[in-house]
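Asker: Sequence and computational prediction follow.
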Amino acid sequence: MLSVQSNAFDPGDILRNFSENVGGAGAVVSFTGIVRDNSGTLDHMLIEHYPGMTEKAISAIMASASKRWNLTACTVIHRHGHLNPNDMIMMVATASSHRVEAFQAADYLMDYLKSRAPFWKKEVSKDGSIWVESKAADEDALNRW
Amino acid sequence: MLSVQSNAFDPGDILRNFSENVGGAGAVVSFTGIVRDNSGTLDHMLIEHYPGMTEKAISAIMASASKRWNLTACTVIHRHGHLNPNDMIMMVATASSHRVEAFQAADYLMDYLKSRAPFWKKEVSKDGSIWVESKAADEDALNRW
Amino acid sequence: MQIEILYFAWVRERIGIPRETVETNATNVHGLVAELSAREERYALAFSDISALRVAVDQDLTDFDATLNGVREVAFFPPMTGG
Amino acid sequence: MQIEILYFAWVRERIGIPRETVETNATNVHGLVAELSAREERYALAFSDISALRVAVDQDLTDFDATLNGVREVAFFPPMTGG
């Protein structure tokens, strides 16, 4: 399941539904990304994305993960638009018969979503706004796979 | 938070509460283990544990994870007693500023809980019952850390 | 040939519009960037360091050598920061 | 010296009881196993292959060379299968 949405989502609801429909898998891994206020001055975050390409890019990443690991289920949710501190930004869930595969697939999905899905984060504070810069470490992380 | 319990738990409730109390962390990883019916004949699973040592062993594993990685929160729940197919056996959740640390800590916790926390699973089917055997791969997994 | 061009994040802000349709004879993305940069200062500024930019052609991430033959949509943006 | 002994999983089933208090002069776990095995066939069977067993002394996982000096509780069980 893939959802690119501006609405908030509840990670609890997502994980409950996901865990109850994993097709006999014994292992479920989830990742949830949360808006942090590192500077203590964050008012909100704006996430821009590229409608059309976003869905296409994430679907390709999910298909690639499902090819590499035996997954019985896989879900990606990613918000765009206006987010407040402590809001959930995105979530990934994977299910497999084996814990190692569920872990690796979720880790892989995160690495690729971070650097290959067309989202851009902007942090807005009282002092102004700034586009979050990509990290070399995030690009390097792709070499793990 | 650590809970060793015979009662069922809802992974959705656990993850929601956890995500809302991560002390400013941006990354939350969860693992949920589910009773599988590999043979198609499983009636239920019995999990035996060693009261006293169980809590002590898991606390030590959690302390070790918190020492290796910067975690703002960490939760382990493990059931014992009578479990039905598709019941949730256990759950781990970790929170960190960085996704890599949250992933590694959850992965580490699972590897150690699997082979170092005193639980023993018995699968009961109509044909009889059998103690689940430990896998060499689970012991080998500890060498990763 | 007509191509739809999209800009995202600070590239969009610097150029001042989210999208436009251009008439071009460029054969690859480099050529298109050169044409756009020659237009106005704001384009030249946005494209001054293409190592800081990424490009998608028909919604697939690619590089600046990519051909524009038969292409309908080109997007310019900084490295992604999703997840 | 009196020691509380606990058995889990198939060790418990084979010996037939979950716990017992024993009076022993054994100085380490190996010695205790030898004493128990000498008692009855069911003990000898349960301890016939100690490579298939694990031992905890005062609720800490250890090995069969561990001393029993000052120890109050010893537990025998197969490799754990939690998670």
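Answerer: Good, I have the coordinates. Numbering: from 1, shown residues only, chains lettered A, B, ... in the order given.
Asker: Identify the residues contacting the residue nearest to C:Thr67 when sequence neighbours are not counted.
Answerer: Taking CB to CB, 6 or more residues apart in numbering or on different chains as the measure, C:Thr67 lies nearest to C:Asn28, with 5.3 Å between them; neighbours along the chain are not counted. No exception for glycine: its C-beta is placed from N, CA and C like everyone else's. Residues in contact with C:Asn28 (CB atoms under 8 Å, 6 or more residues apart in numbering or on different chains) are C:64-68.
Asker: So which of those residues belong to helices?
Answerer: Counting by DSSP state H, the contacts of C:Asn28 place none of their members in helices.
Asker: For stretch A:73-85, buried residues please.
Answerer: Applying a neighbour-count criterion of 16 or more other CB atoms under 10 Å in any protein chain shown, one finds A:73-80, A:83 buried in stretch A:73-85.
Asker: Columns pLDDT, distance to chain B and secondary structure on top of those, output as CSV?
Answerer: Converted to CSV, the buried residues of stretch A:73-85 look like this (pLDDT from 0 to 100; distance: CB to the nearest CB, whole Å; DSSP: H, G, I helix; E, B strand; the rest coil):
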residue, pLDDT, distance to chain B, secondary structure
A:Ala73, 97, 12, strand
A:Cys74, 97, 15, strand
A:Thr75, 98, 13, strand
A:Val76, 98, 14, strand
A:Ile77, 98, 13, strand
A:His78, 98, 14, strand
A:Arg79, 98, 14, strand
A:His80, 98, 17, coil
A:Leu83, 98, 12, strand
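Asker: For chain D, state which of the residues you listed is nearest.
Answerer: Minimum separation from chain D among those (CB to the nearest CB) is found for A:Ala73, which lies at 19.9 Å.
Asker: wait, that closest one sits on A:Ser97?
Answerer: No: in terms of CB atoms under 8 Å, A:Ala73 does not count as a neighbour of A:Ser97; the distance is 11.5 Å.
Asker: Identify the contacts common to the two.
Answerer: Each of A:Ala25 lies in contact with both A:Ala73 and A:Ser97 under the rule CB under 8 Å, 6+ apart.
Asker: Quick check: closest non-adjacent residue to A:Ser125.
Answerer: Spatial nearest neighbour of A:Ser125, excluding adjacent residues (CB to CB, 6+ apart): A:Thr41 at 4.2 Å.
Asker: can you count the residues close to that neighbour?
Answerer: Using other CB atoms under 10 Å in any protein chain shown, A:Thr41 has 12 other residues around it.
Asker: need the contact list for it.
Answerer: When the contact criterion is CB under 8 Å, 6+ apart, the partners of A:Thr41 are A:125-127.
Asker: Tell me the one of these nearest A:Asp138?
Answerer: The shortest gap between A:Asp138 and any of the contacts of A:Thr41 belongs to A:Ser125, at 22.7 Å (CB to CB).
Asker: Now do the strands in chain A.
Answerer: Secondary structure of chain A by DSSP state E: the strands cover A:2-5, A:27-34, A:42-49, A:71-79, A:81-83, A:88-96, A:119-125, A:128-131.
Asker: closest to B:Met53 out of those strands?
Answerer: Minimum separation from B:Met53 across the strands of chain A (CB to CB) falls at strand A:27-34, 25.1 Å.
Asker: Check chain A for the residue nearest chain D and tell me.
Answerer: For chain A, the nearest residue to chain D under the criterion CB to the nearest CB is A:Arg99, separated by 7.4 Å.
Asker: And for the closest residue to chain C within chain A, the neighbour number?
Answerer: Residue of chain A nearest chain C, by CB to the nearest CB: A:Phe119 (3.2 Å). A:Phe119 has 27 neighbouring residues, counting by other CB under 10 Å.
Asker: Same check on A:Trp145?
Answerer: For A:Trp145, the tally of surrounding residues (other CB under 10 Å) stands at 12.
Asker: That one reaches A:Asp111, doesn't it?
Answerer: Yes: counting by CB under 8 Å, A:Trp145 touches A:Asp111, with 6.9 Å between them.
Asker: quick one: the longest helix anywhere in chain C near chain A?
Answerer: With DSSP H setting the assignment, residue counts place helix C:29-39 as the longest helix in chain C. No: taking CB under 8 Å from any CB of the partner chain as the criterion, helix C:29-39 and chain A are apart, separated by no less than 15.6 Å.
Asker: Give me the contacts around that helix.
Answerer: By CB under 8 Å, 6+ apart, the list of residues contacting helix C:29-39 from outside reads C:3, C:5, C:22, C:24-26, C:43-44, C:47, C:50, C:55, C:57, C:62-66, C:68, C:74.
Asker: and with 10 Å instead?
Answerer: Around helix C:29-39, the neighbours that count as contacts under CB atoms under 10 Å, 6 or more residues apart in numbering or on different chains are C:3, C:5, C:15, C:20, C:22-26, C:28, C:42-48, C:50, C:53, C:55-57, C:62-68, C:71, C:74, C:76.
Asker: What residue, apart from its backbone neighbours, is nearest residue 83 spatially?
Answerer: Picking chain A for this. Residue nearest to A:Leu83 in three dimensions, not counting chain neighbours: A:Met45, with 4.6 Å by CB to CB, 6+ apart.
Asker: My question was about chain C, not that one.
Answerer: Counting by CB to CB, 6+ apart, C:Gly83 lies nearest to A:Lys114, which is 3.7 Å off, once chain neighbours are set aside.
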